[in-house]
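J.: return atomic coordinates for the entry below.
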Amino acid sequence: MGSKHALHTDRYAAFLDRLREARRHRELTQEAVADALGKPQTYVSKCELGERRVDFVELEDFAAVYGLPLDYFMTRAAGTRRSSRAAPREPAQAARPKR
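T.: Numbering: from 1, shown residues only. All right, here's what the predicted structure looks like:
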């Protein structure tokens, strides 16, 4: 019950909007993202539709494919709520993981 209900909160819906928006902003197809992730296209579709809940590790993978920092996908940051329609911002140099 808890998991199904959580998929339909306003915050999760805003997250899903950002997930779709990030892909579209980068002009990538679901197929291209799936290939980059090593997953089938249906995986990306189900994640974007909220039929499959995205965990933190998977979000890190999506963020890497889109070249965005994790906080782009957050629905609340520092006590403020960002619009789900805001365009993805370019990642800062410091936000990139060190290898």
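
J.: which stretches of the protein have low pLDDT?
T.: 1-8, 77-99 (pLDDT under 70).

J.: and the helices in it?
T.: Applying DSSP state H to the chain gives helices spanning 2-6, 10-25, 30-37, 41-49, 56-66.

J.: among those, which is nearest residue 76?
T.: Of all the helices of the chain, helix 10-25 sits nearest to residue 76, with 7.2 Å by CB to CB. No exception for glycine: its C-beta is placed from N, CA and C like everyone else's.

J.: thinking again about what came up before, let's have the helices of the chain in JSON lines, adding mean neighbour count.
T.: Formatted as JSON lines, the helices of the chain follow (neighbours: other CB atoms under 10 Å):
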{"stretch": "helix 2-6", "mean neighbour count": "8"}
{"stretch": "helix 10-25", "mean neighbour count": "17"}
{"stretch": "helix 30-37", "mean neighbour count": "17"}
{"stretch": "helix 41-49", "mean neighbour count": "17"}
{"stretch": "helix 56-66", "mean neighbour count": "16"}
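
J.: which stretch among those comes nearest residue 73?
T.: From those, taking CB to CB, the stretch that ends up closest is helix 10-25, at 5.1 Å.
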